[in-house]
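**Student:** Here is a sequence with its predicted model. Questions after.
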Amino acid sequence: MNQGTLYLIPNFLGQGTKHDIPQNHLKFIYTLKTFIVESEKSARSFLKIIEHPLPQSEFTFYLLNEHSNNKEDLTPYFKNCLKGESLGLLSDAGIPCVADPGNRAVLFAHRNQIVVKPLSGPSSIYMALMASGFNGQHFAFHGYIPVENPERLKKIRSIEQSFLSSGQTQIFMETPYRNEKLLQLLLDTLKPKTKLCVAVNISLDTEIIISKEIGVWKPEDLQVNKQPAIFLIGG
């Protein structure tokens, strides 16, 4: 029997509707009843919003996040896929496998000759890069930067030096409740002529994107506390 397909399904960055999903994507998603997800609550909400034709009681969810115990062997997750039933990998927000743990499922699929089909969708990282005015041909994504000093300060200085030496846009993020402290640290640490872009609440009605030199940035320019944000250093 032919094996199923692993579909990589983007989720809304904020509030979304069924009409935000391309019709050809819905066609694939509607055939699925098994999903690998970061959280069941978020997944059920997404499937309800897009009006998946199956009752919620018929879905099967396998958790794959930073707290998952089975980080190595995902065979149970793919048991039916190996027999021919397709399944979906659904992110909590944005596209799967970028700044989330879904890559482990994709790697398992490749190792077992399972077809991987990525579906297009919103990415706060790329949308922030688009809106920054920075180099979009040469860039690096660092994910979450260290929480504690001195590693945190060392990483920020290293990121800035990478930009200064290469012209490569540097992109990183932080847990929302620490955004305010990170912004202040960036303003206190980076060189006055270094440009910083902060993109908050990408795709929402409250979206704000500011891009300018550190020397003219002020902490009060932007409220970032407890709001999803992407930080970019570039020029």
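**Tutor:** Okay, I see it.

**Student:** Asp77: how many residues sit nearby?
**Tutor:** Small correction: residue 77 is Tyr, not Asp. Tyr77 sits with 22 neighbouring residues when counted by other CB atoms under 10 Å. All C-beta spots, glycine's among them, are computed from the backbone N, C-alpha and C.

**Student:** Check which residues of the lengthiest helix in the chain are buried.
**Tutor:** Counting residues, the longest helix in the chain under DSSP state H turns out to be helix 151-166. Neighbour counts over helix 151-166 (16 or more other CB atoms under 10 Å) mark Arg152, Ile156, Ile159, Glu160, Ser162, Phe163 as buried.

**Student:** how about Lys193, secondary structure?
**Tutor:** Reduced to three states with DSSP: H, G, I helix; E, B strand; the rest coil, the structure at Lys193 is coil.

**Student:** is it true that it touches Lys212?
**Tutor:** No - with contacts defined as CB atoms under 8 Å, Lys193 does not count as touching Lys212, sitting 11.0 Å away.

**Student:** Neighbour count for these two, which is higher?
**Tutor:** Lys212 (13 against 10).

**Student:** Quick check, the more buried one in contact with Leu196.
**Tutor:** Yes - using CB under 8 Å, Lys212 is in contact with Leu196, at 7.3 Å.

**Student:** Roughly how far does the closest residue to Leu63 other than its chain neighbours sit from Pro176?
**Tutor:** Computed as CB to CB, 6 or more residues apart in numbering, the closest residue to Leu63 that is not its neighbour in sequence is Val37, at 6.5 Å. The span separating Val37 from Pro176 equals 20 Å under the rule CB to CB, to the nearest Å.
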